[in-house]
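Chemist: The following block contains a protein sequence and its predicted model.
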Amino acid sequence: MSRLDRIRRLAYLVVMSNEFLFIIKGGDQVLLHPFVPGALAFDRLDEVAVEGRFGIAAEGLVAETLRSQLNDQAGRSLRRHQLGKGYYLRLFASAGIFMAVYLFFSIVVRDPLPFVDEFLLSSLAAVAFFLLIERRILAASAFHATSVRLRQLIDTIFFVESRVVSMVETWREEYIMLGGGSFYRDIGALRTDALGEADLPEAEALCRHFAARWRNVALVRAIYDAIKLGNPISGLLDRLTRRLGKAEAALVMSYMKLLYILENGPSRER
């Protein structure tokens, strides 16, 4: 199993109590955090500690506006996460309400427009039931307590400058300015010992964030495979840029460089 496969799998497994939040510039600012819909962190907030990382000279970014942005994103993700539990049960229950109301009006109530009135009333009843249950879930004391704990956790995040993030930002800026040529120029000259032992957990955490960010973009995997096989990637890069934009494509290629260092660097027991 390749390192990329392991990182993709780790993105969905229970992780250690320490999580990372990354602020990446070198283009459009990107905020990568563990509070995404379906994240296991939501179910173990009391066991999680989040460490913030940013690149060179980015102290001004770590302000109340950033925490407000993170609170908004994490709050929406928490709502989606909570509503995702029992979603299909609620869906089937709503379908049952629809059928019950439809049969009632079809058999008991006679009207001059069969099917139309029954369908409309049944649909309204099913939607009202579905929304009512969702509202009760979000109004529950357990959800409110989780929301409060999430805000408290975000307020305690401490940010420090990161060598790993600084490297990624530099690669991203070079790609934006020079295009694919910067990748071809640098990939053979990358120092596989550029990361110290202390940097490895942070670099792998960042790669897990990247893997989750592009898990549904087949082009990213295709580029990784092409690099591993030594095949040309210029056509894939053009397609990636057209689909994601230059700033995002530059971030993808920075991810590839980070993976290259991790895969070819000094071995480390896992």
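Modeler: Received the coordinates, thanks. Numbers count the residues shown, from 1 in each chain.
Chemist: low-confidence ranges in the stretch 51-200 of the chain?
Modeler: Counting by pLDDT under 70, the low-confidence segments of the stretch 51-200 of the chain come to 57-65, 109-116, 182, 184-193.
Chemist: where along it do the helices fall?
Modeler: Under the criterion DSSP state H, counting those that start in this stretch, the stretch 51-200 of the chain carries helices at the ranges 64-84, 87-107, 116-139, 141-155, 163-178, 180-187, 200-213.
Chemist: Those helices: which one's closest to residue 251?
Modeler: Of all those, helix 163-178 sits nearest to residue 251, with 5.6 Å by CB to CB. For glycine as for every other residue, the C-beta is placed from the backbone atoms N, C-alpha and C.
Chemist: quick revisit: dump the helices of the stretch 51-200 of the chain to a markdown table, plus distance to residue 44 and mean neighbour count.
Modeler: Written out in a markdown table, the entries for the helices of the stretch 51-200 of the chain read as follows (distance: least, CB to CB, whole Å; neighbours: other CB atoms under 10 Å):
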| stretch | distance to residue 44 | mean neighbour count |
| --- | --- | --- |
| helix 64-84 | 12 | 16 |
| helix 87-107 | 21 | 14 |
| helix 116-139 | 19 | 14 |
| helix 141-155 | 11 | 14 |
| helix 163-178 | 25 | 20 |
| helix 180-187 | 38 | 16 |
| helix 200-213 | 17 | 21 |
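Chemist: measure residue 166 to residue 105 for me?
Modeler: From residue 166 across to residue 105, the span is 66 Å (CB to CB, to the nearest Å).
Chemist: Equivalent analysis for residue 259, please.
Modeler: According to CB to CB, residue 259 stands 60 Å off from residue 105.
Chemist: Ok, residue 180 next?
Modeler: Taken as CB to CB, the spacing of residue 180 relative to residue 105 amounts to 63 Å.
Chemist: Tell me who's in contact with residue 41.
Modeler: Residues touching residue 41, when contacts are defined by CB atoms under 8 Å, 6 or more residues apart in numbering, comprise 19, 34, 35, 48.
Chemist: Fine, thanks again, bye for now.
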